[in-house]
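Colleague: One predicted model, sequence on top.
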Amino acid sequence: MSRIKPAVLQCESHPYLTQKDLIAHCNKHNIVFEAFSPLGSPERPWATPDEPKLLEDPKLMAIAKKYNKSPAQICIKWQVQRGVAVVPKSTSTSRIKENGNIFDFELSKEDIEVIERFNIDWRCLYFPLTNNKMVDGQLVKQPGSHPLNPFHPNGKTDK
């Protein structure tokens, strides 16, 4: 057991991976939850065509249109309104400015509930405990073989 309680837990979180239970645990223990990849990392080089595309989700796009905002702004605002610190990434100056322009509106309770229902426990980032390998120039994800790897289909977790 640790003698020093963590102040911040940084973890992947976006509407397709809401992390609701983990955030509740952090709140209970006064630990700040900080969401990385809050936009589903759409530019990740290993993305495949069959993977979900959060920022193109029709329900998210409809909410964005309602508020005259981008889907990215809706994702960021949703996190902020639920008390989560957010780390959106962009290399574009215009997108960086856009991502910060979220303080002139509030999502309705109903829209927040709609976004909460997007959850499919989908991770856009995959951190195995063994190395991935390249096959014919393509990254092949290799599940970690460590028994405590939570991303392995037979992995053991604290659940």
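Modeller: Received, thanks.
Colleague: wait, isn't residue 90 in contact with residue 96?
Modeller: Yes - the criterion here is CB atoms under 8 Å, and residue 90 meets it with residue 96 at 5.1 Å. Every residue, glycine included, has its C-beta placed from N, CA and C.
Colleague: Walk me through the domains of this protein.
Modeller: Listed domain ranges for the chain are 8-119, 127-159 (source: automatic domain parsing).
Colleague: closest one to residue 2 among the ones you listed?
Modeller: Counting by CB to CB, residue 2 lies closest to domain 8-119 out of these; the figure is 11.7 Å.
Colleague: Run the chain-centre distance for that closest one.
Modeller: Taking CA atoms, centre = their mean, to the nearest Å, one finds the center of domain 8-119 at 6 Å from the center of the full chain.
Colleague: and the end-to-end length of that domain?
Modeller: End-to-end distance for domain 8-119: 23 Å, by CA to CA, to the nearest Å.
Colleague: likewise stretch 2-19?
Modeller: First-to-last residue span, stretch 2-19, CA to CA: 23 Å.
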